[in-house]
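Q: Got a predicted structure plus its sequence, pasted below:
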Amino acid sequence: MAVATDASSAPMELLVSVGKNQSTKTLLRVLILCFIAAAAVASRLFSVIRFESIIHEFDPWFNFRATKYLVAHGFYDFWNWFDDRTWHPLGRVTGGTLYPGLMVTSGAIYHALRALTVPVDIRNICVLLAPAFSGLTAFAAYLLTNEMTTSSSAGLLAAAFMGITPGYISRSVAGSYDNEAIAIFLLVYTFYLWIKALKVGSVMWGALCALFYGYMVASWGGYAFITCLIPLHAFVLVCMGRFSNRLYVAYNTWYALGTLASMQIPFVGFAPVSTSEHMPALGIFGFLQLVAFLEYVRSAVPSRQFQTFLYVGLGGVFGVALLGLVGLTTGGYIAPWSGRFYSLWDTSYAKIHIPIIASVSEHQPTAWPAFFFDLNMLIWLFPAGVYMCFQKLEDEHVFVIVYALFGSYFAGVMVRLMLTLTPVVCVAAAIAASQLLDTYLVYKSPVAPEAKEEEVTDGTAKKSKQSALRSTSQPVVGIYTLISKGFIAGAMTLFLLIFVQHCTWVTSNAYSSPSVVLASRMPDGSQHIIDDYREAYQWLRQNTKEDAKIMSWWDYGYQIGGMADRPTLVDNNTWNNTHIATVGKAMSSREEVSYPIMRQHEVDYVLVVFGGLLGYSGDDINKFLWMVRIAEGIWPDEVKERDYFTPRGEYRVDSEASETMKNSLMYKMSYYNYCSLFPPGQAQDRVRGVRLPDQGPVLNTLEEAYTSENWIIRIYKVKDLDNVGRDHALAASFDRGNKKKKAGKKRGPRVLRAE
Amino acid sequence: MKFLVSFLVLVFAAVAQAISSSGSRLLVILEDVAEKAGYSKFLADLEGRGFDIAYETPKSESLSLFHLGERSYDHILFLPTKSKGLGPNLTPNILLQFINANGNILLTLSSSTATPSSIVSLLLELDIYLPADRQGLVVDHFNYDALSASEKHDVLLLQPPGALRAGVKDFFSDASVIAFPNGMGQTLGEGALLAPVLRAPATGYSYNPKEQTETVDDLFASGSQLSLVSTMQARNSARFTVVGSADMLSDKWFDAKVKKVGEKDTVKTGNQEFAKAISGWAFKETGVLRVNWVEHHLNEEGAGNASNPKIYRIKNDVTYSISLSEYSWDKYIPFTVPESDDLQLEFSMLSAFHRLKLNPTISSADSTTYSSSFKLPDQHGIFNFMVNYKRPFFTNVVEKNTVSVRHFAHDEWPRSFAISGAWPWLAGIGATVTGWLAFCTVWLYSAPAATRESKKTR
């Protein structure tokens, strides 16, 4: 037995002693971080392997197009870019209305690689940017967590969690070339630098924090989260009586430099001093000056006088500041809270007031299973981690608590804000998990000399014993039996394995679809690709004039711009509600109303998405009520939502559909010629599961130009005015061979032209 | 340079043809080819003007207006036919297709032959109405020719029509007295494409000669409601002309002497001149406008003089010019806008931001250049320079040139030191920088090392 122990202990000892070495630890840590980064990247490549290296969804197509423009024309042209191919005929001052961080980042990478003579397509950089940055995010999470705890494993755990948690993967798979791709890294890293600055109280770290904050502002509209969270943290600290010179230095450095940096972005401009969302940061800036001044006065005058001074001075200043804010807001100098912000507090606000915000699915409130789906076991480790922060409660732990509170609230209100919650969940969960592992995974029992295992690693026990003692700090909680250690460690390992399994499953099944390409299964289980979108966009690109204007619902604007390279009327940058409502009105009105609108906007083609043949539920008929609602918001007299329902209040498309519905352009375009696919009486809409009337709708002002293989995309050409001055209905009826009714059959006096 | 070359080519092409601006192939449809003898002067006149005339009967097998999808003829002249229909080669659809393919049609009617149903339904599509039962005779008991129609009063003697209204050029008033024998009148719909050339006098009316009643109880139309010669110019400028009386083009009435009732002297009819004017217009020998070139450029000091840039900036000064010629019988002449009419330029996005009068600047032997200078509006977007000149009897001029108007670039604003309002802020920056430097200097050179240490720990 002893011999065997000796024999086995010699390499073991060697191993342990190697593990004790400081530089080896660093090496190990670097290696582990590299592996985590590799895992983070690898798990995001499902979409590339399953489909191809393609840009996903909607917004990424715009970012991709903008990046190509940047690479082709250079930075200054990009900065001053007036895009005349979107929002026809208004155009978009694109250079001044986007967050350029993402494009500039990939442009810089592109040029750096070119300088290194690595010829790489800009598309591949764009596709792989999000996975690459997820590796960096994992590293940033490691740094942030290390600031919270002394446990060395917590950081690595946080990095691993951050790397593979679906809550973050959902926005950063390969091809998901969106602002969030780099913004989450910047968010976490800015928080890390803020904590660092706060702990050290150094101008340098504060300035670095401001620098990354500036980068963040350049990248994502979600920067407002930082803008509000850091002041809130500072405010809570002051309220807790934790005002210090460190806080003063860190906050002021960050605010002054960060605000200046953020104002360099044209899209942000003067917003930091003129909108309500930015007022907390400004207010806390002033408040800190006040507090610092009071601290100084307190040290200079007797306490009695100080009391009165405090009440009078502080109250006065606060009142004046508040009055000033209210006055400036009512006077219009400071923009009031935007609608998007109100909808964060009142989830039904948008539904009533701003249909365009409510119509976006990612602005819906989160369903609670989504938390488990996106975060799995982290969601129950998260409260434990927050609790541990309460135990220590340094300045940085207050930050985690504040972040956790607000992050949870916002994630509950809006689906997409799950993204901002994820980092703090990873950090807190890692703190909890590492605490658990640190307690249970100590091979040697920490306290008693009578512990059974002690003699085995006697020679090297001393050092590890001390470190274990230090790390648990209250060594009363000793775990003595191997069974409980083994059980807990085993359970934890199991949970971690399940977590990995869950993350992989979610990533591969839920978040890796490009949504440009649809995948379905054939009866034999093989994958069948439905590629109607690209087919139709390619048709547009090859068969229409360079400047043919395409009208479609705004969801497809970016894709048409990116893939078909044709001007569009509206797109996913929903800056002009009236213009969108105009398109909504054209889609939801009778042909006679729509045609002048289309003529006025010089529309050449109309594109609709129709899922009836395939059972694709995300089609325009299902979105149609939003078009009606948005149009009704501008023209309440001409478009009425009620008219699109049957008298019994049902939304139907079959023969029972209301007249307004049947006469609407959208209905006609969707079902035009559809019955001809089926034998008589069998025409069926597979999305809504209804049988359609035998007599399909008649289109006079449009002619069918193209229908994709599975009828998902239908493109119509807008007819020109009739050459001999008839209206379209008459002209079409003449073409069908009907004779015109003679005039004069009408009752009443004839009026003849005498001019 | 480029446009000059193409311009010269165009000029030579025009000279080589020396007839209608849109081709010389004329098809004459008539009941029997032998009938052309009755119109020999009119047809000889057309041939003299360079038309290659082909004669066909409606029932002819070889008749086809299109060959391989292209027009076989440039113009069609319909002389009265007796048949009820016009056969499968001249259905209303084919005729409408001919108009859509930019072919011109001159249609003659006669009250003595029933109008073919194909023609009637074509006219209905064009919003031109004929009397019921395709029968109708225009009579006027105060303006008839006393020599030939003293009984029936169905030969109207008309004065030249004059301009349709103020601001419209008059193409048809060369003739003296126009005899309008045995004609059928039309009424016109409200469409802007229709324009009457010759209208019945206030006392003229149309009735159905088959109805043997003493009184006319259901009057088709009378007076100026009744158009005797009408025109329709389609959006693609194809011309369709209806002459209510085929006889007025015949040899007989070219030479005839007429005496208006109540007047003493007999005069020779001006039908030949009128026929020339109306056929010349119908077959695009007159009233055809051509845009030679359109040019717009920056009109600012220090700017390059590039022509037709794709993009401008808001508040740029811009000059727009358009060169127009008018075809007159065999050559292009400079186009002059009629009195009390304007050639206008619109600078529009959704609606017009500017609507300006274009003034003639340069005049050459065969063209006039109209131009206008203005400042672009303070609104970025995709704008059109739009000249939309549609007048009766002139071919349509629709010139749309799309340009983008961008916003100010970041380096096009005045610099901050050039704006006096910015000086307080500039002074503020200066004060802050100086103050900071001064503070640093004082701090660095005044603080002893020991106290600094203690401060840091505090």
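A: That came in fine, so what should we check first? Residues are numbered from 1 along each chain as shown, chains lettered A, B, ... in the order given.
Q: Next, residue B:353: secondary structure please.
A: strand (DSSP: H, G, I helix; E, B strand; the rest coil).
Q: and it, how many neighbours?
A: 17 (other CB atoms under 10 Å in any protein chain shown). In this view, the C-beta of every residue, glycine as well, is placed from N, C-alpha and C.
Q: any idea how far it lies from residue A:715?
A: Computed as CB to CB, to the nearest Å, the residue B:353 to residue A:715 distance reads 32 Å.
Q: can you check residue A:211 too?
A: Residue A:211 is 48 Å from residue A:715, by CB to CB.
Q: Please say which of the two ends up with more neighbours.
A: residue A:715 (24 against 16).
Q: so what's the more buried one up against?
A: A:536, A:539, A:540, A:605, A:606, A:607, A:704, A:705, A:706, A:707 (CB atoms under 8 Å, 6 or more residues apart in numbering or on different chains).
Q: What is the nearest of those to chain B?
A: residue A:605 (16.8 Å; CB to the nearest CB).
Q: For beta bridges, what are the partners of the closest one?
A: Assessed by DSSP bridges, residue A:605 has beta-bridge partners residue A:550, residue A:717.
Q: CSV for the contacts of residue A:715, including distance to residue A:113 and neighbour count?
A: Output for the contacts of residue A:715, formatted as CSV (distance: CB to CB, whole Å; neighbours: other CB atoms under 10 Å in any protein chain shown):
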residue, distance to residue A:113, neighbour count
A:536, 33, 25
A:539, 34, 17
A:540, 32, 21
A:605, 38, 24
A:606, 41, 26
A:607, 36, 25
A:704, 46, 13
A:705, 41, 18
A:706, 39, 17
A:707, 42, 20
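Q: taking those residues one by one, which sit in helices?
A: Within the contacts of residue A:715, residues falling in helices by DSSP state H are A:536, A:539, A:540.
Q: Am I right that residue A:579 is in contact with residue A:87?
A: Yes. Residue A:579 sits in contact with residue A:87 when judged by CB atoms under 8 Å, with a separation of 6.4 Å.
Q: what's the overlap in contacts for these two?
A: A:569, A:570.
Q: before we move on, the earlier item: would you mind giving the ones in helices among the contacts of residue A:715 as CSV with distance to chain B added?
A: Formatted as CSV, these follow (distance: CB to the nearest CB, whole Å):
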residue, distance to chain B
A:536, 24
A:539, 24
A:540, 19
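Q: confidence score at residue A:739?
A: You'll see residue A:739 listed with a pLDDT of 69.
Q: near chain A, which residues of the stretch 1-150 of chain B show up?
A: By CB under 8 Å from any CB of the partner chain, the residues of the stretch 1-150 of chain B that approach chain A are B:92, B:93, B:96, B:99, B:100, B:121, B:124, B:125, B:126, B:127, B:129.
Q: ok, of the residues you listed, which come out buried?
A: Those of these that meet the buried threshold are B:92, B:96, B:99, B:121, B:124, B:125, B:126, B:127, B:129, by 16 or more other CB atoms under 10 Å in any protein chain shown.
Q: May I ask which two of the residues of the stretch 1-150 of chain B next to chain A are separated the most?
A: The largest separation in the residues of the stretch 1-150 of chain B next to chain A, counting by CB to CB, is between B:100 and B:129 at 21.5 Å.
Q: Can you spell out which helices and strands pack onto whichever helix or strand residue A:412 is part of?
A: Using DSSP states H and E, residue A:412 sits in helix A:395-413. Counting contacts by 3 or more CB pairs under 8 Å, 6 or more residues apart in numbering or on different chains; DSSP states H and E, helix A:395-413 is packed against helix A:122-148, helix A:180-200, helix A:223-239, helix A:339-345, helix A:378-392, helix A:418-440.
Q: what mean pLDDT would you report for the longest helix along chain B?
A: Ranked by residue count and defined by DSSP H, the top helix of chain B is helix B:423-446. Mean pLDDT, computed over helix B:423-446, is 92.
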